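Chemist: no sequence for this one, just the structure:
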């Protein structure tokens, strides 16, 4: 068993297969000094490599384009790197004055259908084809206009495909986009929603502050009552026929049949951060200074910085 290097903090994860996973994080010394940056770790058939990016991450997403595995790294202020085995290409989201910046940061990234989506403050949403560079705003009807008095931010987005999306965020806001038309759904939540997962049909699960869980089917939003935790849900993934959710305190839960069950990963929770990814029957779980994976029966700790 290996142990993570305390010189790094881990924030995001993405997976293409058991043999190919990615971790996004920071060097703690640089983070403590206030230097914007990101450290990207890649495991390819058991071997870890890393590179850096001079911007804070809004998120990462992995995909395969024409047989080439790629990692999409999106910075909070719109800087993008698309990396593969040959190197990285730089792109930019929202180059105009109304695009992402330090006051209007991006907060999430997701591959949906044939596009990558990035969303964030002022309910801005951008997308890019997986097979071609070029980001375009797709937030007409939900974005807060420059100078507008409204306050809002998307913290997570998911969808069935490009024709059915759901974005959630600040104040419990839930926005549904069907056929390119955005509409705000009535939300019983006053707390921030940090995670949303497409479950099939028109069904989604949203999760957030204080252990909040919401079932969303079409335009209907219903709270899911449970007593499993009051911690803040911050990430989730569909894995092994159920939903796995992690909290900002490093706890992990399984949601199945409207029942929330705490999961023991073999080590005590590590508070801070929290993200999940799943591919090829492997669940990847990161929290603060720890990276773990679960193959359905055995938990394994990883040290990307080794």
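Modeler: Received it, and whenever you're ready, just let me know what you need. The shown structure was predicted, so the numbers you read here are calculated from the model rather than taken from an experiment.
Chemist: what's the span of stretch 132-139, first residue to last?
Modeler: Chord length of stretch 132-139, first to last residue, is 20 Å (CA to CA, to the nearest Å).
Chemist: who touches that stretch?
Modeler: Residues outside stretch 132-139 that contact it (CB atoms under 8 Å, 6 or more residues apart in numbering): 80, 82, 89, 91-94, 117-119, 123-128, 143, 177, 180, 182. Placement of C-beta: from N, CA and C, glycine included.
Chemist: Okay, now the unreliable bits of the protein?
Modeler: For the chain, applying pLDDT under 70 flags the ranges 1-6, 97.
Chemist: In it, mark out all the helices, start to finish.
Modeler: 28-32 (DSSP state H).
Chemist: what comes up buried for stretch 86-106?
Modeler: 88, 91, 93-94, 99-100, 104-106 (16 or more other CB atoms under 10 Å).
Chemist: Could you do stretch 147-162 as well?
Modeler: 152-160, 162.
Chemist: what about residue 140, neighbour count?
Modeler: 10 (other CB atoms under 10 Å).
Chemist: Quick check: it touching residue 181?
Modeler: No. Using CB atoms under 8 Å, residue 140 is not in contact with residue 181; the gap is 9.1 Å.
Chemist: follow-up on the earlier one: filter the contacts of stretch 132-139 down to the buried ones, PyMOL style.
Modeler: Restricted to buried positions by 16+ other CB under 10 Å, the PyMOL selection for those reads:
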select buried, resi 80+82+91+93+94+117+118+119+123+124+125+126+127+128+143+177+182
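Chemist: Which members of the contacts of stretch 132-139 are positioned in strands?
Modeler: 80, 82, 89, 91-92, 117-119, 124-128, 177, 182 (DSSP state E).
Chemist: Closest to residue 269 out of these?
Modeler: residue 119 (28.3 Å; CB to CB).
Chemist: list the contacts for that closest one?
Modeler: So residue 119 contacts 106-108, 125-126, 139, 154, 156-157, 167 (CB under 8 Å, 6+ apart).
Chemist: Using CSV, lay out these together with distance to residue 246.
Modeler: Formatted as CSV, these follow (distance: CB to CB, whole Å):
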residue, distance to residue 246
106, 21
107, 17
108, 15
125, 24
126, 26
139, 28
154, 20
156, 13
157, 18
167, 20
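Chemist: taking these one by one, which sit in strands?
Modeler: Using DSSP E, the contacts of residue 119 in strands are 106-108, 125-126, 154, 156-157, 167.
Chemist: Pick the one among the residues you listed closest to residue 35.
Modeler: residue 106 (19.1 Å).
Chemist: List of residues touching stretch 209-220?
Modeler: 166, 172, 174, 176, 183, 185, 187-189, 191-194, 201-207, 221-224, 226, 228-233, 247, 255, 260.
Chemist: And those residues, which of them are buried?
Modeler: By 16+ other CB under 10 Å, the contacts of stretch 209-220 give 166, 172, 174, 176, 185, 187, 189, 192-194, 202, 204-207, 221, 224, 228-229, 231-233, 247, 255, 260 as buried.
Chemist: From residue 283, how far out is residue 241?
Modeler: To residue 283, residue 241 is 12 Å away according to CB to CB, to the nearest Å.
Chemist: can you check residue 171 too?
Modeler: 30 Å.
Chemist: The spatially closest residue to residue 69 that is not a sequence neighbour and residue 63: what is the separation?
Modeler: Once flanking residues are discounted, residue 69 sits nearest to residue 16: 5.6 Å by CB to CB, 6 or more residues apart in numbering. Remark: distance between residue 16 and residue 63 (CB to CB) = 8 Å.
Chemist: what is in contact with the two at once?
Modeler: What both residue 16 and residue 63 touch, as defined by CB under 8 Å, 6+ apart, is the set residue 69.
Chemist: picking that back up, would a markdown table of the buried residues of stretch 86-106 with distance to residue 41 be doable?
Modeler: Output for the buried residues of stretch 86-106, formatted as a markdown table (distance: CB to CB, whole Å):
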| residue | distance to residue 41 |
| --- | --- |
| 88 | 14 |
| 91 | 21 |
| 93 | 23 |
| 94 | 27 |
| 99 | 28 |
| 100 | 24 |
| 104 | 28 |
| 105 | 23 |
| 106 | 21 |
